[in-house]
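Q: Based on what follows, work out the 3D shape:
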Amino acid sequence: MATIVKNCCTSLFLDFFKHQVTKSRKWNFNYPMGKPFEDKHAKIDVIQGDTMHDEFLGGVSMSLLMMIHETAKKQNVNVPLDLLFCGISMKDKHREDNLHTDHEKDELQDTPIIKLLGILNSDWKKSWGGGFEHGGILHSPEPGDFIVFDPRVPHKAQDIFVDNKRIAIDWTIRNG
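A: Just a heads-up that it's a prediction; the model follows:
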């Protein structure tokens with residue numbers, strides 16, 4: 001089951017973060033791993049384990065994670081802070097997402113984890129698509145909302161219907 005944590009940060013914070021992300025020179029096309037280049041999307045690896053690939057974005061992402069953690073607590077949702085990975089992705093209408101699960105056959109396959117996902121575009125509209133399907137249920141969070149979910153349940157991004165680039169952040173967090 002996926003849970004939406006509502007109103008975790010301001011539009012100003014999202015705008016600031018998105019602006020910093022769009023200036024980054026650390027974008028890569030490594031994901032999804034094992035897929036041909038044509039099926040990959042742009043992503044920034046911000047934090048992997050003990051390695052911070054971008055100190056500034058790492059600091060901002062950790063600030064946002066703390067805001068989400070505090071807001072989630074007030075909404076009786078558990079968002080632990082034992083971070084394993086943080087990344088930022090960019091998708092648009094030209095990239096169809098694939099239904100998939102995460103970490104079933106890698107170093108985290110036996111680790112209890114959750115994922116947290118949110119859109120950094122403060123102006124994103126539901127009619128533009130780009131929501132999040134988890135376990136067959138479509139979730140369309142508002143800007144400033146974040147989704148807590150089990151990454152081992154099939155999930156994918158909803159198709160995007162506009163030329164706008166949807167920028168999303170995700171964290172993989174140890175859960176237990």
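Q: Partner strands of the worst-scoring helix or strand of the chain on mean pLDDT and their direction?
A: Lowest by mean pLDDT, DSSP states H and E among the helices and strands of the chain is strand 28-31, with a mean of 92. Here strand 28-31 is paired, per DSSP bridges, with strand 41-48 (antiparallel).
Q: Not counting its own residues, what contacts the strand it pairs with?
A: Identification of contacts with strand 41-48 by CB atoms under 8 Å, 6 or more residues apart in numbering yields 21, 24, 26-31, 52-54, 57-58, 61-62, 83-91, 95. The C-beta positions use only the backbone N, C-alpha and C, and glycine is treated the same way.
Q: Please compute how far it lies from its chain's middle.
A: Centroid separation between strand 41-48 and its chain, computed with CA atoms, centre = their mean, to the nearest Å, is 10 Å.
Q: Give me the contact list for the helix or strand that comes right after it.
A: Later in the chain than strand 41-48, the nearest helix or strand by DSSP states H and E is strand 51-52. Defining contact as CB under 8 Å, 6+ apart, one finds that strand 51-52 is touched by 46, 58.
Q: Now do strand 51-52: distance to the chain's middle.
A: Centroid displacement of strand 51-52 relative to its chain, using CA atoms, centre = their mean, is 17 Å.
Q: Now do the buried residues in the following helix or strand past that strand.
A: Under the assignment DSSP H and E, the closest C-terminal helix or strand after strand 51-52 is helix 55-74. For helix 55-74, the neighbour count (16 or more other CB atoms under 10 Å) marks 57, 58, 60, 61, 62, 64, 65, 67, 68, 69, 71, 72 as buried.
Q: confidence score at the third one?
A: The per-residue pLDDT reported for residue 60 equals 98.
Q: quick revisit: of the buried residues of helix 55-74, closest to residue 124?
A: Within these, the smallest distance to residue 124 is 16.0 Å, found for residue 64 (CB to CB).
Q: wait, doesn't the closest one sit right on residue 17?
A: Yes. Contact criterion CB atoms under 8 Å: residue 64 and residue 17 qualify, at 6.8 Å.
Q: Just put the buried residues of helix 55-74 in JSON lines and tack on distance to residue 47.
A: Output for the buried residues of helix 55-74, formatted as JSON lines (distance: CB to CB, whole Å):
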{"residue": "57", "distance to residue 47": "9"}
{"residue": "58", "distance to residue 47": "5"}
{"residue": "60", "distance to residue 47": "11"}
{"residue": "61", "distance to residue 47": "7"}
{"residue": "62", "distance to residue 47": "8"}
{"residue": "64", "distance to residue 47": "12"}
{"residue": "65", "distance to residue 47": "10"}
{"residue": "67", "distance to residue 47": "16"}
{"residue": "68", "distance to residue 47": "15"}
{"residue": "69", "distance to residue 47": "15"}
{"residue": "71", "distance to residue 47": "21"}
{"residue": "72", "distance to residue 47": "19"}
